[in-house]
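Colleague: Predicted model follows, preceded by the sequence.
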Amino acid sequence: MIYEISNQPKKMETALLDNAVSFACNYLKLDTNFTIEFETIKNYQYGFCDYDEDEAIITIAKRLSPKNAIRTLFHELVHLKQYTDGRLENGSPLVWHGIAIEDVYENLPWEIEAYQLEALMIKEFYS
């Protein structure tokens, strides 16, 4: 697994980010190359994951504290794992286990899983 960082905020220590990426990739058994971009994004968004077979980009809001940025990174790495496993597929709507699903955000199965795993990883990472 190789990752690159773009536009890293000064408040985000490289060692913390490296440790978080290593921890999450081991936890999720994720072996995919990706880029982490810190950008100014909409106020209601913390981050998102763009994936296709050629490229994976995780975007994280620059405004976040380091701890919330790590939480968001964990959440988006779960989505990357879902994509690489083939459980989540791009489309409009998104496809989960071969079924197109449209629902409110809180009910989307890939989001439910991402929030559950994010919470477990945060607890273990900071303990």
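Modeller: Received it, and whenever you're ready, just let me know what you need.
Colleague: how near is the spatially most central residue of the chain to I99?
Modeller: Centroid check for the chain by CA atoms, centre = their mean gives E76 as the closest residue, at 1.1 Å. For E76, the distance to I99 (CB to CB, to the nearest Å) stands at 22 Å. (C-beta placed from N, C-alpha, C; glycine too.)
Colleague: could you point out the longest helix in the protein?
Modeller: helix 66-85 (DSSP state H).
Colleague: for the helix or strand following that one, packing partners?
Modeller: Next helix or strand after helix 66-85 toward the C-terminus (DSSP states H and E): strand 88-89. The contact analysis (3 or more CB pairs under 8 Å, 6 or more residues apart in numbering; DSSP states H and E) places strand 88-89 against helix 66-85, strand 95-96.
Colleague: mean confidence for the longest one?
Modeller: If you average the pLDDT over helix 66-85, you get 98.
Colleague: Report the buried residues of it.
Modeller: For helix 66-85, burial by neighbour count (16 or more other CB atoms under 10 Å) applies to 69-84.
Colleague: Doesn't Y27 lie inside a strand?
Modeller: No - counting by DSSP: H, G, I helix; E, B strand; the rest coil, Y27 falls outside a strand, being helix.
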